[in-house]
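[1] quick one, structure for this:
(one chain, ligands or ions: 1)
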Amino acid sequence: MIKQPSDITGCGVAVIAMLLGKKTYKCAMDLVEPNRDKWLVSRTDNMNIHQMKLALGQLMRGFHVVSGRKIPEGLGLAAIYVETNNLLKHWVAFDGEHYFDPLSTAKGPTFRINRRVAGFVALYPCTSGDLETCSGCNKP
Ligand SMILES: [Zn+2]
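    Residues are numbered from 1 along each chain as shown. Down below sits the predicted model:
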């Protein structure tokens, strides 16, 4: 499980690291850095849902990337946007079964996330062989 380097920011990049199967936070940050103008909120390095969708769309080759607010049935790999106790937004990774919370204080992986879900960015593997022309295969 990859942890964010600070309690106030870096959860989005840590979640990208986990979804991409990277070994370290830095591996993912090296991929995000050249696109920080598009993928990170300036100064805070936070990511909103739109930015997470852009980043995963470019980094997760061969996957349909779908965002929404209410988690659908049968969700597989996904970045889940949750609210913390003080109503801040926070990203956790999901592998279809377990949640991976990048906060240093969070234990896990866990089967549940004890937070209000504000949205998600889901990844569905494209089985058509050509993501560019696919109009929807595994995509719900
Ligand atoms: Zn497809």
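[2] ok, and what's touching the longest strand along the chain?
    Among all segments of the chain classified by DSSP state E, the strand with the greatest residue count is strand 116-125. Outside strand 116-125, the residues that touch it by CB atoms under 8 Å, 6 or more residues apart in numbering are 19, 49, 52-53, 56, 60, 62-72, 75-83, 89, 94, 137-140. (Glycine included, C-beta is placed from N, CA and C.)
[3] buried among those residues? Make that a PyMOL selection.
    Buried residues within these, by 16 or more other CB atoms under 10 Å, are selected in PyMOL with:
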select buried, resi 19+49+52+53+56+60+63+64+65+66+67+75+77+78+79+80+81+82+89+94+139
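[4] near the ion, which of the contacts of strand 116-125 show up?
    Among those, the residues lying close to the ion (CB under 5 Å from the ion) are Cys137.
[5] near the ion, which residues of the chain?
    So far as CB under 5 Å from the ion goes, the chain lies against the ion at Cys126, Ser128, Cys134, Cys137.
[6] just the buried ones out of these, please.
    With neighbours counted using 16+ other CB under 10 Å, those contain these buried positions: Cys126.
[7] reformat the residues of the chain next to the ion as TSV; add secondary structure, pLDDT and distance to Lys3.
    Formatted as TSV, the residues of the chain next to the ion follow (DSSP: H, G, I helix; E, B strand; the rest coil; pLDDT from 0 to 100; distance: CB to CB, whole Å):
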residue	secondary structure	pLDDT	distance to Lys3
Cys126	coil	91	31
Ser128	coil	86	36
Cys134	coil	88	35
Cys137	coil	78	34
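[8] ok, the residue lying closest to Arg61 once chain neighbours are set aside - how many residues close by?
    In this structure, Arg61 finds its nearest non-sequential neighbour in Leu131, 7.8 Å apart by CB to CB, 6 or more residues apart in numbering. Applying the criterion other CB atoms under 10 Å, we find 16 residues in the vicinity of Leu131.
[9] Pro109 too?
    As a burial measure, the neighbour count of Pro109 was computed by other CB under 10 Å and equals 16.
[10] ok, the one 4 residues further on next?
    Counted with other CB under 10 Å, the burial measure for Ile113 works out to 19 neighbours.
[11] send the alpha carbons of the longest strand of the chain over as CSV?
    Extracted C-alpha coordinates of strand 116-125, given in CSV (Å, rounded to 0.1, in the frame of the first residue of the first chain):
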residue,chain,number,x,y,z
ARG,A,116,-19.3,9.4,2.6
VAL,A,117,-18.5,8.8,-1.1
ALA,A,118,-18.5,11.9,-3.2
GLY,A,119,-17.7,10.3,-6.5
PHE,A,120,-15.5,7.8,-8.3
VAL,A,121,-13.3,7.3,-11.4
ALA,A,122,-13.6,3.7,-12.5
LEU,A,123,-11.4,1.7,-14.9
TYR,A,124,-12.9,-1.0,-17.1
PRO,A,125,-10.5,-3.1,-19.3
